[in-house]
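Engineer: Attaching a predicted model along with its sequence, questions to come.
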Amino acid sequence: DSGSATATPEQYDIQYLTPVSIGTPPQTLNLDFDSGSSDLWVFSSLQPKSSVNGQTQYDPSKSSSAKNVSGASWDISYGDGSSSNGIVFKDVVNVGGVSFDSQAVEAARTVSAQFTSDTNNDGLLGLAFSTINTVTPTKQKTFFDNVAPSLDTKVWTADLKYHEPGTYDFGVIDDSKYTGDITYTDVDPSDGYWTFSTTGYSVGGAKNSTIKARAAGFSGIADTGTTLALLPTEVVNAYYKEVSGAKLDRSQGGYTIPCDATLPDFKFEVEGTSFTIPGQYINYAPVDDSTCFGGIQDDADIGFAIWGDVALKAAFVVFDQTQSTPRLGFANK
Ligand SMILES: O[C@H](COCc1ccccc1F)CN1CCCC1
């Protein structure tokens, strides 16, 4: 079995939304596929009206296949301070033609203000490891872990794009979506994330002088649910040193740049193969009519780097569980 679903970017690629059908008859919700968390939760008919602002709500009472998981509840908080909680149903879930008939669908009772104001986001589909699922008393499996046995090959792939729709595929590596070889690197799943090491980085200076790659690598997570690339302070400083007019603006929460700056490319290396984030991707969004917010920011107080969409959209990425050790594959495209 294999399938493919479209990942459509919201403004500035702040996140990508993908249609998921839930229940009988199918209720289609647009979810944020998040490889940085492991709960599939949805806006639901159980929420107070005041917490819903245009989102599509899952209504288990309208699904003949919905079954409440007695005594189960969930409560999740994210790195950006947002949160949600509720109760749990099992129901049929279909993503791009790949289906599982008793997926844990976590129906929200409460969502934080950030989710209420995010009108097109109907919930999340977690794709990190099931060890960090928040359902108690019995942890639930991610959609990928549930469908993995049925897939032609135990992978899912992300082909996210700059300001245009891309795809999430399950059970297939579509060779038309990348060029050259796929470079694989081992993942350490012990924190529940797709954690991997980069062997180096380099900055293509505005004057086309490249800063030599940093000898030591650093570890980070591949996180489709994070917008920006959050990297070690030293790396971030080395990058913006190359951008005239760049400044660390605490009031904006990080580095800003002149919107008309010609930004250098940023290269990261995986097992010695380099992948280029074009400078254009690193002009994330305007904060006023001439100042823009940088797409590379500091990973301070997280303790590891977060390779979010600004980085992932520069590659074809394979989230691979075909072996006992999970792997990430990166290819140019
Ligand atoms: O909140 C996340 C961004 O958090 C980044 C992060 C990941 C893992 C550990 C610490 C972190 F700060 C983005 N939201 C997730 C759901 C909607 C957007």
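Structural biologist: All right, it came through fine.
Engineer: what about the helices in the chain?
Structural biologist: Per DSSP state H, the chain carries helices over the ranges 113-117, 143-147, 233-240, 309-312.
Engineer: Where among those is average confidence lowest?
Structural biologist: Looking at those, the lowest mean pLDDT belongs to helix 233-240 (a mean of 94).
Engineer: Tabulate the CA atom coordinates of that one in PDB.
Structural biologist: Below are the C-alpha coordinates for helix 233-240, written out as PDB (Å, rounded to 0.1, in the frame of the first residue of the first chain):
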ATOM      1  CA  THR A 233      24.300  30.500  18.200                       C
ATOM      2  CA  GLU A 234      27.700  30.300  16.700                       C
ATOM      3  CA  VAL A 235      26.300  29.100  13.300                       C
ATOM      4  CA  VAL A 236      23.600  31.800  13.300                       C
ATOM      5  CA  ASN A 237      26.100  34.600  14.100                       C
ATOM      6  CA  ALA A 238      28.400  33.300  11.300                       C
ATOM      7  CA  TYR A 239      25.500  33.500   8.900                       C
ATOM      8  CA  TYR A 240      24.200  37.000   9.700                       C
END
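Engineer: sorry, back to before: quick check: which of the helices of the chain is nearest to Asp299?
Structural biologist: helix 233-240 (7.8 Å; CB to CB). C-betas here are computed from N, CA, C, even on glycine.
Engineer: Check which residues of the closest one are buried.
Structural biologist: 235-236, 238-240 (16 or more other CB atoms under 10 Å).
Engineer: One more: stretch 19-33?
Structural biologist: So, applying 16+ other CB under 10 Å, buried residues of stretch 19-33: 19-23, 27, 29-33.
Engineer: Repeat that for stretch 111-125.
Structural biologist: 111-112, 115-116, 118, 121-125.
Engineer: Of the residues you listed, which belong to strands?
Structural biologist: 111, 123-125 (DSSP state E).
Engineer: ok, and of those residues, which contact the ligand?
Structural biologist: Restricting those to those within reach of the ligand (CB under 6 Å from any ligand atom) leaves Leu124.
Engineer: could you dump the ones in strands among the buried residues of stretch 111-125 to JSON lines with pLDDT?
Structural biologist: What follows is these, written out as JSON lines (pLDDT from 0 to 100):
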{"residue": "Val111", "pLDDT": "98"}
{"residue": "Gly123", "pLDDT": "99"}
{"residue": "Leu124", "pLDDT": "99"}
{"residue": "Leu125", "pLDDT": "99"}
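Engineer: Out of the ones in strands among the buried residues of stretch 111-125, which is nearest to Asp288?
Structural biologist: Val111 (29.7 Å).
Engineer: any idea how far Ser63 is from that closest one?
Structural biologist: Distance, Val111 to Ser63, by CB to CB, to the nearest Å: 20 Å.
Engineer: who are the neighbours in contact with the residue nearest the centre of the chain?
Structural biologist: Central residue of the chain (CA atoms, centre = their mean): Thr224, 1.4 Å from the mean position. By CB atoms under 8 Å, 6 or more residues apart in numbering, Thr224 lies in contact with 16, 33-36, 127, 158, 160, 308-309, 312.
Engineer: got a pLDDT number for the residue of the stretch 1-150 of the chain found nearest the ligand?
Structural biologist: Here the residue of the stretch 1-150 of the chain nearest the ligand is Gly79; by CB to the nearest ligand atom that distance is 2.0 Å. Per-residue confidence (pLDDT) for Gly79: 96.
Engineer: How many residues are close by the closest residue to it other than its chain neighbours?
Structural biologist: Distances taken as CB to CB, 6 or more residues apart in numbering put Ile302 closest to Gly79, at 6.8 Å, once the chain neighbours are dropped. Per other CB atoms under 10 Å, the neighbour tally for Ile302 reads 12.
Engineer: Look at Ile302 and report its pLDDT.
Structural biologist: 92.
Engineer: Quick check: residues of the protein near the ligand?
Structural biologist: Residues of the chain lying near the ligand (CB under 6 Å from any ligand atom): 32, 34, 36, 78-80, 82, 124, 223, 225-226, 302, 306.
Engineer: Go again with 5 Å.
Structural biologist: Residues of the chain lying near the ligand by CB under 5 Å from any ligand atom: 36, 78-80, 225-226, 302.
Engineer: Looking at those, spot the one nearest Pro326.
Structural biologist: Of these, the one sitting nearest to Pro326 (CB to CB) turns out to be Gly36, at 14.8 Å.
Engineer: close enough to count as contact, that closest one and Thr227?
Structural biologist: No - counting by CB atoms under 8 Å, Thr227 is not a contact partner of Gly36; they are 11.2 Å apart.
Engineer: picking up where we left off before, now the buried members of the residues of the chain next to the ligand.
Structural biologist: Buried among the residues of the chain next to the ligand (16+ other CB under 10 Å): 36, 78, 225-226.
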